[in-house]
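J.: Starting from these lines, generate the structure:
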Amino acid sequence: MPTQAHIFVGASLIRHKNKQGLLDQLQGELTQAGLMASYRVEKQHHSLYAQAKIVARSRSFQSIDLPIIVIGNEATANEVLSGFLAINPERKLPLLLISWPEKGLQVHEILSEINASLNQNTIINRPIAKIEGDVPTKGARYFFNYLQIGSDFSALLPTFNQKVIWKQAGQQFLNFWSNFSRNQDKIFFAWTLRHGTSYQHNPKTLGLQILLNNDNEQEPFTVRVVNQVAWPKILLTYLQGKKGRQNPSRRGFISFPLGNNAAFHIRDLESIKLDGNVLENGAYSFTLSMAGTYPVIEAVNLSKNKKKK
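T.: Okay, the predicted model is just below:
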């Protein structure tokens, strides 16, 4: 069982009146438990990506193999992962992601989950992908599950997940209606895709996702797109999809498989996100490819275990 780790905290995710108090309490309890080899907190002008690069260059990181603990969400984990692999893509120390609870945040519960996960120390190798090119400066970014560009309308896209919470879908309907009311012209972007001999151009896209497929799929990625379309069409497509129809409408909604080494160019970009983490605005040119696997420590969810009892 590892006794220390490099710890990174996604502070922007905390929705609490006493945010700084919670961060101080978390640091205090981690210090008391003796878990911290290093401790970094996300700041407005100092991202976890930049801070992970600093830690990766330190002598202590290079000389001792300690796990990496990320307290946040998948986006936070992607930022930290990208920072470490930017310095040395061959050095892959196990990463543990502890998710911030949406409500009822208790610091001692986070500490208990960290200890339980490190004690169990179940390591699985998860596939990762990377985008390499101008993103926006020359370099590479890595991600576990999906790359999100523009607004997130995942609940409304052609591959319908029956487990999607109605609250999430409803919120996305409201978001789309809000964007439509303000004029969709302000949030769409243009992008092109080259893969082998094929070429695509989409002049007015509202949301784009690149997802990692399962091992049993023929191609490693799936691309899901929402193009500019009137909001009633979204509602109709969603309802048809809930009845089991795949790709019920080709107008505005596109879903297709994609292989390795596809080249993307994105213009007029409002926001690009890795699992919800905003990057800088601007033009992006990158190549998408698989990047092998990364060791991840399986998190022990103590709250679920309590409910089972």
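J.: any weak-confidence spans in the stretch 1-150 of the chain?
T.: 1, 15-16, 102-104, 135-137 (pLDDT under 70).
J.: which residue ranges form the helices in the stretch 1-150 of the chain?
T.: If DSSP state H, counting those that start in this stretch is used as the criterion, the helices of the stretch 1-150 of the chain fall at 19-33, 48-57, 59-63, 74-87, 107-120.
J.: For the ones you listed, give me JSON lines that also has mean neighbour count.
T.: In this view, the C-beta of every residue, glycine as well, is placed from N, C-alpha and C. Putting the helices of the stretch 1-150 of the chain into JSON lines (neighbours: other CB atoms under 10 Å) gives the following:
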{"stretch": "helix 19-33", "mean neighbour count": "14"}
{"stretch": "helix 48-57", "mean neighbour count": "19"}
{"stretch": "helix 59-63", "mean neighbour count": "12"}
{"stretch": "helix 74-87", "mean neighbour count": "24"}
{"stretch": "helix 107-120", "mean neighbour count": "17"}
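J.: tell me the domain boundaries of the protein?
T.: For the chain, the structural domains run 5-127+294-308, 146-274, going by automatic domain parsing.
J.: For the stretch 101-250 of the chain, which segments count as strands?
T.: For the stretch 101-250 of the chain, the strands defined by DSSP state E, counting those that start in this stretch cover 123-134, 138-143, 146-150, 189-195, 198-212, 221-227.
J.: most packed of those strands?
T.: Compared across the strands of the stretch 101-250 of the chain, strand 146-150 shows the largest average neighbour count, a mean of 23 (mean count of other CB atoms under 10 Å).
J.: Could you figure out how far it is turned away from strand 138-143?
T.: Calculated by axes from the mean of the first three to the mean of the last three CA atoms, to 10 degrees, strand 146-150 forms an angle of 120 degrees with strand 138-143.
J.: Okay, now the sheet partners of strand 146-150, with direction.
T.: If you go by DSSP bridges, strand 146-150 pairs up with strand 198-212 (antiparallel), strand 272-274 (antiparallel).
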